[in-house]
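Visitor: I would like to see how this sequence folds:
(chains A and B)
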Amino acid sequence: DTAVSQTPKYLVTQMGNDKSIKCEQNLGHDTMYWYKQDSKKFLKIMFSYNNKELIINETVPNRFSPKSPDKAHLNLHINSLELGDSAVYFCASSLRGGGGNTIYFGEGSWLTVV
Amino acid sequence: AQSVTQPDIHITVSEGASLELRCNYSYGATPYLFWYVQSPGQGLQLLLKYFSGDTLVQGIKGFEAEFKRSQSSFNLRKPSVHWSDAAEYFCAVGARAGNQFYFGTGTSLTVIP
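Guide: Residues are numbered from 1 along each chain as shown, chains lettered A, B, ... in the order given. Modelled structure (predicted):
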């Protein structure tokens, strides 16, 4: 049973397109995240939701919009894709928010914009 | 400003040799401290974490880490490396109050036969 699952795993798309990445966790956690990992492996948090409420919204372009229909799901929608959006996007969850909680990661979604 | 520094971008060790990966942090108070591992093509997995108490923490896969307050360090060690340990290793700190959580820039480990 995959604890944090995200789809698709690989996505190749053209500039200007709109795409979504879906994420689900079956751990019963209250908090979910989206992280972006660039080509140098640097991990940057993008968003964090606690029980469907946005609690962390780092400086990311407005083209990125998270949506949490319930606390087990956090989807990421990206409008007007740009070359620089090419990266690995990780969904993650933790029991609750706060710096002391272990974060559980999905396997990542490899986005390539051409 | 809070920061996590992993000074070694890439380390190569021979299989069976010992390993130490360095991590230094800059934080107002002692944060929660973590080490994660990312195998190729995978997400991150928790190796171990330090909250309080014994400064030597044992983790999975034979790894351990030692918290040294005086040096603001949380170095990861393994006495004998296996080829399957080749991966990217991330140190991370979490705030004791608030939601802040920061990853270091990672250390890539190569294991040679």
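
Visitor: Is stretch A:9-27 in proximity to chain B?
Guide: No. Stretch A:9-27 stays clear of chain B (C-beta under 8 Å from any C-beta of the partner chain), getting no nearer than 9.1 Å. Bear in mind the C-beta positions are built from the backbone N, C-alpha and C, glycine included.

Visitor: Okay, and the residue positioned nearest the centre of chain A sits in which element?
Guide: Centroid-nearest residue in chain A, with C-alpha atoms, centre = their mean: A:W34, separated by 2.9 Å. Secondary structure from DSSP states H and E places A:W34 in strand A:31-37.

Visitor: Against which helices or strands is that strand packed?
Guide: strand A:19-25, strand A:43-50, strand A:73-78, strand A:87-94 (3 or more C-beta pairs under 8 Å, 6 or more residues apart in numbering or on different chains; DSSP states H and E).

Visitor: Would you enumerate the residues in contact with the residue nearest to the centre of chain A?
Guide: A:C23, A:I45, A:M46, A:F47, A:S48, A:P66, A:L74, A:L76, A:Y89, A:F90, A:C91, A:A92 (C-beta atoms under 8 Å, 6 or more residues apart in numbering or on different chains).

Visitor: mind running it again at 7 Å?
Guide: A:M46, A:F47, A:P66, A:L74, A:L76, A:Y89, A:C91 (C-beta atoms under 7 Å, 6 or more residues apart in numbering or on different chains).

Visitor: Give me the pLDDT value at the fourth one.
Guide: Spelled out, that is A:L74. Note on A:L74: pLDDT of 96.

Visitor: mind listing what it touches?
Guide: Applying C-beta under 7 Å, 6+ apart, one finds that A:L74 lies in contact with A:C23, A:M32, A:W34, A:Y49, A:P66, A:S68, A:C91.
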